[in-house]
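[1] coordinates only, no sequence provided:
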């Protein structure tokens, strides 16, 4: 019993450390976001000199910042990337989980290798390619690379889920006269909705947070929020708007956190549904 109690205490200590490590930067961002810019470097651990001026400055356009347009750009890029990745991932995941064909292992290995490929190695080649075809500053210049990075995650999540689905239901539908496409659409897809929901959220967050390629391939008209925040301009070239940057970060981060908290049951269900065969 003493050993069990010690393990429990260590477990909660570890969880508390992880929470503190992960949430401390976010908490400090909120504290600075609501603090008067004059006291930006105040080390008080709780909110002081509370003001909303930082949020007004974050969405203002008089200094060349256009944060609201950047949010719209991020939504366009992330939603498009998510939709295409999920549509392709469903077909690829189903095929790799259901069918046997020559080279299946090679295809799976290529997808795994693509997920581990460093994105920084693609910056220069993509910049040269998109410059030659006139795509620099366009939405497709950011959507297409995002799909290549998001798709492996989507496919692997769906493969794991599809492999655990009861294929007898599909076979029964085929016996009753349904085509393979009808059995997939009417029988398998409803069962796969938890996994689809999970992969869609993860793909959206990954595309929303992308910075490296967007910084090189976008212009002020198409830049996402990650790039817009990085180039925030202050009152002068010698004064960086730390408080306004923190406010902009809060505006971008809080909705994502609320979305994950609201749908956490669906996310967990989708990630664990394929782990145990029912």
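    Perfect, thanks for sending it. Because the structure is a prediction, the values reported are computed rather than measured.
[2] output the contacting helices and strands for the helix or strand harbouring residue 254.
    Here residue 254, judged by DSSP states H and E, is contained in helix 242-262. When contacts are defined as 3 or more C-beta pairs under 8 Å, 6 or more residues apart in numbering; DSSP states H and E, helix 242-262 sits against helix 2-33, helix 53-59, helix 67-98, helix 193-209, helix 225-230. Heads up, the C-betas are built off the backbone N, CA and C, glycines and all.
[3] what mean pLDDT does it get?
    For helix 242-262, the mean pLDDT works out to 85.
[4] for that helix, which positions count as buried?
    Buried residues in helix 242-262, counted by 16 or more other C-beta atoms under 10 Å: 242-253.
[5] could those go into JSON lines alongside distance to residue 190?
    What follows is the buried residues of helix 242-262, written out as JSON lines (distance: C-beta to C-beta, whole Å):
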{"residue": "242", "distance to residue 190": "49"}
{"residue": "243", "distance to residue 190": "48"}
{"residue": "244", "distance to residue 190": "46"}
{"residue": "245", "distance to residue 190": "44"}
{"residue": "246", "distance to residue 190": "43"}
{"residue": "247", "distance to residue 190": "42"}
{"residue": "248", "distance to residue 190": "40"}
{"residue": "249", "distance to residue 190": "38"}
{"residue": "250", "distance to residue 190": "38"}
{"residue": "251", "distance to residue 190": "36"}
{"residue": "252", "distance to residue 190": "34"}
{"residue": "253", "distance to residue 190": "33"}
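[6] nearest to residue 18 among those residues?
    Nearest to residue 18 among the buried residues of helix 242-262 is residue 253, at 18.3 Å by C-beta to C-beta.
[7] list the contacts of that closest one.
    26, 29 (C-beta atoms under 8 Å, 6 or more residues apart in numbering).
[8] that older thread, report the angle between the helix holding residue 254 and helix 67-98.
    Angle between the axes of helix 242-262 and helix 67-98 is 40 degrees (criterion: axes from the mean of the first three to the mean of the last three C-alpha atoms, to 10 degrees).
[9] distance between helix 242-262 and the chain's centre?
    Relative to its chain's centre, helix 242-262 lies at 14 Å (C-alpha atoms, centre = their mean, to the nearest Å).
[10] do stretch 45-57 as well
    Relative to its chain's centre, stretch 45-57 lies at 28 Å (C-alpha atoms, centre = their mean).
[11] tell me the buried residues in that stretch?
    Of the residues in stretch 45-57, those buried (16+ other C-beta under 10 Å) are 54-55, 57.
[12] and which of those residues is nearest residue 263?
    The closest of the buried residues of stretch 45-57, once distances to residue 263 are taken by C-beta to C-beta, is residue 55, at 25.8 Å.
[13] leaving out the residues flanking it, which one is nearest to the closest one?
    When the adjacent residues along the chain are set aside, residue 55 lies closest to residue 247, with 4.6 Å between them (C-beta to C-beta, 6 or more residues apart in numbering).
[14] so residue 38 versus residue 45, what's the distance?
    Residue 38 sits at a distance of 18 Å from residue 45 (criterion: C-beta to C-beta, to the nearest Å).
[15] cool, residue 70 as well?
    From residue 70 to residue 45 the distance is 31 Å (C-beta to C-beta).
[16] break the chain down into its domains, please.
    1-50, 64-273 (the TED database).
[17] ok, so of the buried residues of helix 242-262, who is nearest residue 20?
    residue 253 (17.5 Å).
[18] quick one: that closest one and residue 25, what's the gap?
    10 Å.
[19] how about residue 144?
    31 Å.
[20] likewise for residue 257?
    13 Å.
[21] need the nearest residue in space to residue 126, chain neighbours excluded.
    Using C-beta to C-beta, 6+ apart, the closest residue to residue 126 is residue 145 (6.1 Å).
[22] so what's the one you found up against?
    119, 122, 126, 213, 217.
[23] now do it against residue 151, distance only.
    11 Å.
[24] for residue 18, same thing?
    Taking C-beta to C-beta, one finds residue 18 at 29 Å from residue 151.
[25] surely residue 94 and residue 187 touch.
    No - contact between residue 94 and residue 187 fails when scored by C-beta atoms under 8 Å: they sit 11.9 Å apart.
[26] pretty sure residue 244 contacts residue 59?
    No - look at residue 244 against residue 59 with C-beta under 8 Å: they stay out of range, at 9.4 Å.
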